[in-house]
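Participant: Whatever this is, show me its structure:
(one chain, ligands or ions: 1)
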Amino acid sequence: MTETKPIGVFDSGYGGLTVLKEMVKTLPQYDYLYLGDNARAPYGPRSFDTVYQYTLQCVQWFFAQGCELVILACNTASAKALRTIQQNDLPLMHPDKRVLGVIRPTTEVIGEYSKTGSVGILGTTGTVVSESYPIEIARFFPSIKVFQEACPMWVPLVENNEYDKPGADYFIQQHLQQLFKRSADIDTLLLACTHYPLLINKIKRFAPAGTTILSQGEIVARSLKDYLERHPHIANHCTQKGERRFFTTDSVTDFDSHASIFFGEPVASEHVELSR
Ligand code: DGL
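Facilitator: Numbering: from 1, shown residues only. Below is the predicted model of the structure:
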C-alpha cells in the first residue's frame, strides 16, 4: 500500500472548508486532510497563548498523520500562532515540514483590487487585535490605508446556521456601518475570516454599491498552486491520489450536517480526540 501524505488544512471549525473547496477546484489531484477543531471553536475571542497552544496541537496531529505541508485556513490561527510555529517550533520539531497561513497570500494581492487606496478588513476580534493585516499590507502596499472592524457575532451566526436568517441582518449592518463611518473611501472589503463567505449575500446587500468584496478561498488556492510550483521538493512529498478525509474534534453528525454548506458537497467526517 502506498503511503498517503496529504496536504493538511486546518480551521477552528467549518470556515476552512470554504478555502479547501477552492483548493480542490484548483489542485484536484492532491490528497487533502481537513481538521476542524469544532470542540474548541470559536478561536476568535481566545487569548494569543490559547490559540497558539490549540493550533500547535492540531499541527502536530497533522504531522502524525503524515502531512508534510499544513495550511492554517483560519485567520485567527494565522494571526496568533503561525509565526511562533514557523520560527520556534518547526525548526526544532520538523525542519523539513511546512506550515503556511492565509494572511500573507491575501495581503500580497489586496492592493491590486483597490482604486481609492482604502481597504476594509472584516475579521474576528483576535485577527483585528493582532494588527496582522495592517502590518502585512504595509509591507506590500505602503500607501494603502487599512480600516479594520472586528465582527465577534459573525462566526457564531455562521456556526449556528443563522447566517441566512433575517436576525443576522442586524449584526451585518451594524459592523458595516461602523466601518464605513470611519472612511467613506473604502472600495474593497476583505472577508478576513474563512467563515464569512457564507455571509457574502448579506454583506453585498448592506455594503455601498460598487464595493469589491474579496473572499480568501480563491486567492489562497492560487497562492498554494504557485507555492507548489516554486517548491517542487515540497510538492513531490505531497501524494496525488485525489483523496479527501475530514476530521472534527466534536460530533461527526453535527460536522457532516453543517460541513456540506461550506464545502459545497456532502462530507463524511471522522472524530479525533485531542487532549484538552
Ligand atoms: N475561521 C476563523 C478565521 O478565519 C475564525 C473562527 C473562529 O473564531 O474560531 O478567523
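
Participant: Run through the residues that contact residue 179.
Facilitator: Neighbour list for residue 179: 120, 122, 147, 149, 186, 189 [criterion: C-beta atoms under 8 Å, 6 or more residues apart in numbering]. For every residue, glycine as well, the C-beta is placed using N, CA and C.

Participant: rerun at 6 Å
Facilitator: 120, 149 (C-beta atoms under 6 Å, 6 or more residues apart in numbering).

Participant: repeat for residue 72
Facilitator: Residue 72 touches 10, 78, 82, 101, counting by C-beta under 6 Å, 6+ apart.

Participant: Restricted to strands, list those residues.
Facilitator: Judged by DSSP state E, those include residue 10 as members of strands.

Participant: Kindly supply the PyMOL command isolating those of the contacts of residue 72 that are buried.
Facilitator: Selection of buried members from those for PyMOL, criterion 16 or more other C-beta atoms under 10 Å:
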select buried, resi 10+78+82+101
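
Participant: Would you mind checking which of the contacts of residue 72 is nearest to residue 201?
Facilitator: residue 78 (25.4 Å; C-beta to C-beta).

Participant: quick revisit: mind checking which of the contacts of residue 72 are in helices?
Facilitator: Among these, the members falling in helices (DSSP state H) are 78, 82.

Participant: Nearest to residue 265 among the contacts of residue 72?
Facilitator: Among the contacts of residue 72, and counting by C-beta to C-beta, the member closest to residue 265 is residue 10, at 19.8 Å.

Participant: Tabulate the contacts of residue 72 (a markdown table), appending distance to residue 227.
Facilitator: Shown next, in a markdown table, are the contacts of residue 72 (distance: C-beta to C-beta, whole Å):
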| residue | distance to residue 227 |
| --- | --- |
| 10 | 16 |
| 78 | 15 |
| 82 | 15 |
| 101 | 12 |
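
Participant: Can you narrow the contacts of residue 72 down to the ones near the ligand?
Facilitator: By C-beta under 6 Å from any ligand atom, no member of the contacts of residue 72 lies near the ligand.

Participant: and which of the contacts of residue 72 is nearest the ligand?
Facilitator: Of all the contacts of residue 72, the ligand sits closest to residue 78, with 7.6 Å by C-beta to the nearest ligand atom.

Participant: Could you confirm residue 8 falls within a strand?
Facilitator: Yes - counting by DSSP: H, G, I helix; E, B strand; the rest coil, residue 8 falls inside a strand.

Participant: where along the stretch 1-150 of the chain do the strands fall?
Facilitator: 7-11, 32-36, 69-72, 98-100, 118-123, 145-150 (DSSP state E, counting those that start in this stretch).

Participant: ok so, going back, in JSON lines: the contacts of residue 72, plus pLDDT.
Facilitator: As requested, the contacts of residue 72 are exported to JSON lines (pLDDT from 0 to 100):
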{"residue": "10", "pLDDT": "98"}
{"residue": "78", "pLDDT": "97"}
{"residue": "82", "pLDDT": "98"}
{"residue": "101", "pLDDT": "98"}
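
Participant: Throw the strands of the stretch 1-150 of the chain into JSON lines and include distance to residue 215, thanks.
Facilitator: JSON lines is the format used below for the strands of the stretch 1-150 of the chain (distance: least, C-beta to C-beta, whole Å):
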{"stretch": "strand 7-11", "distance to residue 215": "14"}
{"stretch": "strand 32-36", "distance to residue 215": "18"}
{"stretch": "strand 69-72", "distance to residue 215": "16"}
{"stretch": "strand 98-100", "distance to residue 215": "18"}
{"stretch": "strand 118-123", "distance to residue 215": "11"}
{"stretch": "strand 145-150", "distance to residue 215": "16"}
